[in-house]
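[1] Return atomic coordinates for the entry below.
(chains A, B and C)
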Amino acid sequence: MAKNQSFFADVYEVVKLIPRGRVTSYGAIGAYLGAKSSARMVGWAMNQAHGMDDVPAHRVVNRSGLLTGKHCFGSPTRMQELLESEGIVIANDQVCHFTSVFWDPSLELL
DNA sequence: TGCTTGACGATCA
DNA sequence: GTGATCGCCAAGC
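    Okay, the predicted model is just below:
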């Protein structure tokens, strides 16, 4: 750690800043970091982050609001239940009213 | 050392 | 409006 964990640390920080009941997208995080990384890299960061309890990776979904990373939580329904536990409605493995619960770091954090 | 894969996104056809 | 392809960078094999 120390040194430069790449934007990974930034991704973790942004994800940790996501308020309860809100979700964001990989591209939004990447854009907030300055588009230095592609959405795929954010996914990679999450891949390392899913092992961190401090990083609510379940609040991060793809651009379509689809729970693409649910399969990385051990159970395909783990992510959905976590989101529902926060008040987020999930329909068909997808975030309902995605635009309503969407949390843009570059817009909220600024 | 080099190729493929990977929790995505955007653009082109 | 839908489908397919390219691009991003890093890690695994």
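[2] quick one: the strands in chain A?
    Along chain A, the segments classed as strands by DSSP state E run A:24-25, A:60-61, A:90-91, A:94-95.
[3] Can you list the helices and strands that the last one packs against?
    If you count contacts as 3 or more CB pairs under 8 Å, 6 or more residues apart in numbering; DSSP states H and E, strand A:94-95 packs onto no helix or strand. For glycine as for every other residue, the C-beta is placed from the backbone atoms N, C-alpha and C.
[4] which outside residues touch that strand?
    For strand A:94-95, the surrounding residues in contact (CB atoms under 8 Å, 6 or more residues apart in numbering) are A:V23, A:V61, A:S64, A:G65, A:L66, A:L67, A:L83, A:I88, A:V89, A:V101.
[5] remind me which residues of chain A are low pLDDT?
    A:1-6, A:35-37 (pLDDT under 70).
[6] switch the cut-off to 90
    Within chain A, the stretches with pLDDT under 90 are A:1-13, A:30-41, A:43-54, A:69-78, A:92-93, A:106-110.
[7] For it, which residue gets nearest to DNA strand C?
    Closest to DNA strand C within chain A is A:S38: 3.2 Å, counting by CB to the nearest atom of the strand.
[8] Any idea how many residues pack against that residue?
    By the criterion of other CB atoms under 10 Å, A:S38 has 12 neighbours.
[9] what about the helices in chain A?
    Here chain A has its helices, by DSSP state H, at A:8-17, A:26-32, A:39-49, A:78-85, A:98-101, A:105-108.
[10] No further questions, thank you.
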